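Chemist: Quick one: sequence plus predicted model below, questions after.
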Amino acid sequence: MQNKILIIAGMHRSGTSLTTQWLYRCGLNVGENLLGAGIGNDDGHYEDIDFYEAQKQILRNKNIEDSGFTETPVPALMIEEKEFLKNIISKKNQAAGEWGWKDPRTCLFLRDYEDLLPEAYYLIVFRDWKSTVSSLISRTYKIIYPTDDIVIKGLFKGYRKKLEVKRRIEELCKEKATNFLKIWILYNKEILKSMSRLSKDNYAVVNFGALLESDKNVFHKLTDHWNFGLQYISFKEIYKPKLISKEINTTQFIDKVLIAEAEKIETILHKKTTF
């Protein structure tokens, strides 16, 4: 019997961790050894360590930052790199009839996975560029600055502390926002290219911002159309709105031409949304 495989694809900070956590709770095998919690992912990343480490190593082999934070497409895999991934896939197939994985870096290798797994299904999760870039800025802030590291004494210390936080965030926006948007553009361009090559029966696109309302439709796509053996659990059971960071307005720090390109991609993704 042929294995049934789900690739969960989406840009960093696009809700793929929460989506994968939900599918895991519904019964999807997303790996025996999962990446744990971290800054910005209090409940865990739900990334299969095997794919996580393999894809990071491949990026390092190609002299690309292993976070996958790149603005340019990744060269096609070498033969030995494909064999490396084939071995992982073979082990997963032997361990489970139905399985899947999530790692944002997968978006950089979609053409290769199309060759390696021609029968795979794809759940594509996208998030609007403003929310994604804002989330990346917030996460970077938490990494750079420890909690309550601002010590201010005297009058109006609460107000002055807020001003210092605002100043730091603005500096981060000046330094990082453009780069983060270019990464968002690359990842979503790679997703659109993959969609143009795949059969429409083999992929579905969900806007993360609408998943609270569309979770049943996503579930029925997986079970009724793709025949995954899952049990429905409401997405609301794992969704924690308090963990969603307040959106930072990064527009003023990014060139309008780049924003126009992102908005064009976003419009296309909206039109291709399945649910």
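Modeler: Looks like it arrived, so ask away. Numbering: from 1, shown residues only.
Chemist: For L230, see how far away the spatially closest residue to F208 that is not a sequence neighbour is.
Modeler: Nearest non-adjacent residue to F208, counting by Cβ to Cβ, 6 or more residues apart in numbering: G15, 3.3 Å away. (C-beta placed from N, C-alpha, C; glycine too.) For G15, the distance to L230 equals 19 Å [Cβ to Cβ, to the nearest Å].
Chemist: between those two, which one's more packed in?
Modeler: Taking neighbours as other Cβ atoms under 10 Å, G15 and L230 compare with G15 leading, 23 against 16.
Chemist: so that one makes contact with A210?
Modeler: No - proximity of G15 to A210 does not meet the contact threshold set by Cβ atoms under 8 Å, at 10.5 Å.
Chemist: burial count for N179?
Modeler: 15.
Chemist: meant to ask about K182
Modeler: 18.
Chemist: tell me the secondary structure for it?
Modeler: Here K182 takes the helix state, with states given by DSSP: H, G, I helix; E, B strand; the rest coil.
Chemist: Spatially nearest residue to it (excluding sequence neighbours)?
Modeler: That would be E71: by Cβ to Cβ, 6+ apart, it lies 4.2 Å from K182.
Chemist: which residues sit in contact with that neighbour?
Modeler: N179, K182, I183, I185, L186 (Cβ atoms under 8 Å, 6 or more residues apart in numbering).
Chemist: wait, the fourth one sits on A260?
Modeler: This means I185. No - using Cβ under 8 Å as the test, I185 is too far from A260 to be in contact (11.0 Å).
Chemist: higher neighbour count, the two?
Modeler: Remark: of I185 and A260, I185 carries more neighbours, 19 against 9, as counted by other Cβ under 10 Å.
Chemist: any idea of the pLDDT on that one?
Modeler: I185 carries a pLDDT value of 98.
Chemist: Can you report phi and psi for it?
Modeler: phi -60, psi -50 (degrees, to the nearest 10).
Chemist: Point out where the protein drops to low pLDDT.
Modeler: 1, 36-44, 147-159, 243 (pLDDT under 70).
Chemist: how about the strands of it, start to end?
Modeler: For the chain, the strands defined by DSSP state E cover 4-9, 98-102, 121-126, 203-207.
Chemist: Which elements pack onto the last one?
Modeler: Translated: strand 203-207. In this structure, strand 203-207 makes packing contacts with strand 121-126, helix 157-197, helix 211-220, helix 256-272, judged by 3 or more Cβ pairs under 8 Å, 6 or more residues apart in numbering; DSSP states H and E.
Chemist: Leaving out chain neighbours, which residue sits closest to A120?
Modeler: I5 (4.5 Å).
Chemist: My understanding was that the one you found contacts G100; is that so?
Modeler: Yes - if you go by Cβ under 8 Å, I5 and G100 touch, sitting 6.1 Å apart.
Chemist: Between these two, which is the more surrounded one?
Modeler: Shown here are I5 and G100; by other Cβ under 10 Å, G100 has more neighbours (25 against 21).
Chemist: how close does L35 get to K62?
Modeler: 22 Å.
Chemist: Among the two, which residue is more densely surrounded?
Modeler: In this view L35 and K62 are compared by other Cβ under 10 Å, and L35 has more residues nearby, 19 against 15.
Chemist: Contact partners for that one?
Modeler: Here L35 is in contact with G44, H45, Y46, E47, D48, I49, Y52 (Cβ under 8 Å, 6+ apart).
Chemist: Surely V125 touches H12?
Modeler: No - the criterion here is Cβ under 8 Å, and V125 misses it with H12 at 11.3 Å.
Chemist: List the buried residues for stretch 101-115?
Modeler: Residues of stretch 101-115 classed as buried: 101-114 (neighbour count, 16 or more other Cβ atoms under 10 Å).
Chemist: out of those, which are inside helices?
Modeler: With DSSP state H as the criterion, helices contain L110, R111, D112, Y113, E114 from among the buried residues of stretch 101-115.
Chemist: now, among those, which is nearest to V133?
Modeler: Closest approach between these and V133, by Cβ to Cβ: L110, at 21.8 Å.
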